[in-house]
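Participant: Turn this into a model:
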Amino acid sequence: MTTIVASAVKINSTIASLTESVIDLVNVKTLSVYAKYTVAAATAKTFTTVDQAQETATVTAHGYATGRKGQLTTSGTLPTGLSLATDYFIIAVDANTVKFATSLANALAGTPVNLTGAGTGTHTFTPTALAGGIVNIYETNDSDSSAADWNVIPNMTANITATGKSVFKPNADSRYAKISFDMTAGQMDVIATVCAKDG
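Facilitator: Numbers count the residues shown, from 1 in each chain. This is a model prediction of the structure:
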């Protein structure tokens with residue numbers, strides 16, 4: 001008799017960069033992965049207040065995830081340290097506060113731009129629309145998933161250009177599988193649910 005070995009939500013978050021989750025395939029014979037993604041609108045937000053000591057800007061109800069890419073414009077002069085026509089990456093401090101980083105790596109590391117002046121006027125952060133969105137299912141037979149050599153399972157990939165869902169039923173004959181969401185720009189709410197059976 002076939003029984004469910006595991007059924008769980010492996011990813012449920014708002015993302016603006018690579019997000020992955022490993023699936024242990026011990027005692028698993030059949031695997032189903034349900035991936036749902038909601039693409040966030042490229043909604044511009046304004047701010048006038050910066051805290052130079054904390055390197056933060058107050059952007060009320062911004063809705064941005066850390067790593068969200070975009071550019072700044074202003075009705076006056078930008079806070080010193082920030083420039084026009086330059087890509088910045090959000091560091092989401094809380095629902096109403098952000099910092100700006102010069103690269104995705106810096107955003108993920110929590111390393112902000114040093115703000116040395118408040119600027120004048122109203123400033124606008126306009127995020128980049130979704131680009132390069134993709135969901136992949138990987139596999140490996142390595143015993144250590146944290147140092148594994150991962151390979152994309154053939155036909156287990158979907159390009160993401162709009163809100164939608166994908167269902168994958170890969171072979172479960174490897175030691176581990178991994179679901180991966182990624183993008184070059186933009187933001188998504190993603191949910192990945194896994195159902196693993198022993199027959």
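
Participant: same question for stretch 134-150, mean pLDDT?
Facilitator: On average, the pLDDT along stretch 134-150 is 93.

Participant: Mind listing what's buried along that stretch?
Facilitator: Under the neighbour-count criterion of 16 or more other Cβ atoms under 10 Å, stretch 134-150 has Val135, Asn136, Ile137, Tyr138, Glu139, Thr140, Ala148, Trp150 buried. Using the backbone N, CA and C atoms, a C-beta is placed for each residue, glycine as well.

Participant: can you check stretch 22-34 too?
Facilitator: Buried, per 16+ other Cβ under 10 Å, within stretch 22-34: Val22, Ile23, Leu25, Val28, Thr30, Leu31, Val33.

Participant: What mean pLDDT does that stretch get?
Facilitator: The pLDDT scores in stretch 22-34 average 91.

Participant: Give me the residues contacting it.
Facilitator: 2, 5-6, 10, 137, 145, 165-179, 191-199 (Cβ atoms under 8 Å, 6 or more residues apart in numbering).

Participant: CSV for the buried residues of stretch 22-34, including distance to Ala101 and secondary structure?
Facilitator: CSV is the format used below for the buried residues of stretch 22-34 (distance: Cβ to Cβ, whole Å; DSSP: H, G, I helix; E, B strand; the rest coil):
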residue, distance to Ala101, secondary structure
Val22, 27, strand
Ile23, 31, strand
Leu25, 37, coil
Val28, 39, coil
Thr30, 42, strand
Leu31, 37, strand
Val33, 32, strand
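
Participant: Now distance to Thr124 too, for the residues you listed, in CSV please.
Facilitator: Below are the buried residues of stretch 22-34 laid out as CSV (distance: Cβ to Cβ, whole Å):
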residue, distance to Thr124
Val22, 39
Ile23, 41
Leu25, 47
Val28, 49
Thr30, 50
Leu31, 45
Val33, 39
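
Participant: Check those residues and tell me the two furthest apart.
Facilitator: Farthest apart among the buried residues of stretch 22-34 by Cβ to Cβ are Val22 and Thr30. That separation is 18.0 Å.

Participant: Just name the closest of the buried residues of stretch 22-34 to Thr97, please.
Facilitator: Checking the buried residues of stretch 22-34 against Thr97 by Cβ to Cβ gives Val22 as the nearest, at 32.3 Å.

Participant: how much space is there between the closest one and Thr58?
Facilitator: 38 Å (Cβ to Cβ, to the nearest Å).

Participant: cool, and Met188?
Facilitator: Met188 sits 25 Å away from Thr58 when distances are taken as Cβ to Cβ.

Participant: One more: Val194?
Facilitator: Distance from Val194 to Thr58, by Cβ to Cβ: 39 Å.

Participant: which of these two has more neighbours?
Facilitator: Legend: neighbour count by other Cβ atoms under 10 Å for Val194 and Thr58, higher for Val194 (21 against 14).

Participant: OK, contacts around the more buried one?
Facilitator: Ala6, Ser7, Ala8, Val9, Lys10, Ile23, Leu31, Ser32, Val33, Tyr34, Ile179.

Participant: Tell me the secondary structure at Thr43.
Facilitator: What DSSP: H, G, I helix; E, B strand; the rest coil gives for Thr43 is coil.
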